[in-house]
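**Student:** predicted model and sequence below, questions to follow.
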Amino acid sequence: MTKYKLNRNDVLEHWNDQIGFIRSSMEKFDKGAEQEAKRIASALRTLFHLTNRSKSLLAQLKLPIIFYSSGELYTPSNLVSSWTLLHMEVGPKGVYYRPNYDSSRTFFLRFEDWWNEIIFDDKKNIFTRRDIVLFVANKDGGSHVDPEIQESYAQLVRYNSLGWQAGPMGTPPKNNPVYQAIRSIGDEVTRSDDYHNVGMKNRYKQKEKDIEMRFVDSKKRYKWSNTEINKSEETQKIVEKHKRFSRTLYIQEFKNGQKVEYIG
């Protein structure tokens, strides 16, 4: 049987469809339909998940997109749990995780650094954007429902392994941190796409600023700067156990005049 090979415009149309699905689901999510995180995760999987059998839309298009990283800096020596894409909201109805859309400092990253950046650490397990997206898409109803899930995810989603509580009664957050993180990742992706569509202009190096990615294993990583992060001796010892990959810190200017920090 003769097969039709998609041309670049065909694939780009699919890309734009998935971005549109994410935007639509984010609107519904913000109105209270947090289960829309499953649809967002499914679209993210289509955009980015690359295997021997399946080629992601990003890989097919080879788009030179730089990816918005809204997460606070991760410190591996932190004695308490980390969730870099979220903050805690305490109100009369209880405690909730919320997406951290506007961090004090944000970076843009190359795709592999962004996709594999650590966003959760419950002091037993660490999770990247890739881990969380594929868990929701492949196991939790995005594209498939598994009758059993890994213990590490069950602890994160069902049993508050992040450990945070509030109030005199020690009330845990009422919502799912993974779904909130998916909402935050959706925001990062749509912002990244918006910047890409504006078009890049100039890029220049920032002098005297050391920046790198530290690898916990072959995939999981976090951004680190020996010149900008205040650290204890204990922290430095932990960081030095992780493999170092140098990066360059740029100022990236877009055609609309906006400037961002880019780790490339």
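**Tutor:** Yep, it's here.
**Student:** now the element after the helix or strand K223 falls within, going C-ward?
**Tutor:** Here K223 sits within strand 221-224, counting by DSSP states H and E. Using DSSP H and E, the helix or strand that follows strand 221-224 towards the C-terminus is helix 233-240.
**Student:** that following helix packs against which elements?
**Tutor:** Contact here means 3 or more Cβ pairs under 8 Å, 6 or more residues apart in numbering; DSSP states H and E; on that basis helix 233-240 packs against no helix or strand. Every C-beta, even on glycine, is put in place using the N, C-alpha and C of the backbone.
**Student:** contacts for that helix?
**Tutor:** Applying Cβ atoms under 8 Å, 6 or more residues apart in numbering, the contact partners of helix 233-240 are T75, P76, S77, R214, W224, K231.
**Student:** how does it look with 7 Å?
**Tutor:** T75, P76, S77, R214, W224 (Cβ atoms under 7 Å, 6 or more residues apart in numbering).
**Student:** can you check stretch 18-36 too?
**Tutor:** So stretch 18-36 is in contact with 37, 39-40, 43, 46-47, 57, 175-176, 179, 183, 186-187, 189-190, 193, going by Cβ under 7 Å, 6+ apart.
**Student:** okay, buried residues for that stretch please.
**Tutor:** Q18, I19, F21, I22, R23, S25, M26, F29, E34, E36 (16 or more other Cβ atoms under 10 Å).
**Student:** go on, stretch 53-66?
**Tutor:** In stretch 53-66, counting by 16+ other Cβ under 10 Å, buried: S56, L57, L58, Q60, I65, I66.
**Student:** just flag the most distant two among the residues you listed.
**Tutor:** For those, the maximum inter-member distance is 18.4 Å, found between Q60 and I66 (Cβ to Cβ).
**Student:** which of the contacts of helix 233-240 scores worst on pLDDT?
**Tutor:** Of all these, S77 has the smallest pLDDT value, namely 84.
**Student:** residues near that one, how many?
**Tutor:** For S77, the count of nearby residues is 13 (other Cβ atoms under 10 Å).
**Student:** helix, strand, or coil at it?
**Tutor:** coil (DSSP: H, G, I helix; E, B strand; the rest coil).
**Student:** setting aside sequence neighbours, what's the nearest residue to it?
**Tutor:** Once flanking residues are discounted, S77 sits nearest to T235: 4.0 Å by Cβ to Cβ, 6 or more residues apart in numbering.
**Student:** relative to R183, how far out is the one you found?
**Tutor:** 30 Å (Cβ to Cβ, to the nearest Å).
**Student:** between these two, who's got more neighbours?
**Tutor:** R183 (24 against 15).
**Student:** just say helix, strand or coil for that one.
**Tutor:** Classified using three-state DSSP, R183 is helix.
**Student:** can I get the contacts of helix 233-240 in JSON lines including distance to A137?
**Tutor:** Output for those, formatted as JSON lines (distance: Cβ to Cβ, whole Å):
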{"residue": "T75", "distance to A137": "29"}
{"residue": "P76", "distance to A137": "27"}
{"residue": "S77", "distance to A137": "32"}
{"residue": "R214", "distance to A137": "27"}
{"residue": "W224", "distance to A137": "29"}
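**Student:** just the buried residues of those residues.
**Tutor:** For these, buried by 16+ other Cβ under 10 Å: T75, P76, R214, W224.
**Student:** mind telling me what element the third one is part of?
**Tutor:** Okay, so that is R214. Going by DSSP H and E, R214 is in strand 211-215.
**Student:** pull out the buried residues from that strand.
**Tutor:** Result for strand 211-215 [16+ other Cβ under 10 Å]: buried residues I211, E212, M213, R214.
**Student:** what count of nearby residues applies to the residue nearest to P172 when sequence neighbours are not counted?
**Tutor:** Nearest residue to P172, sequence neighbours excluded (Cβ to Cβ, 6+ apart): N160, at 4.4 Å. The number of residues packed near N160 is 15, by other Cβ under 10 Å.
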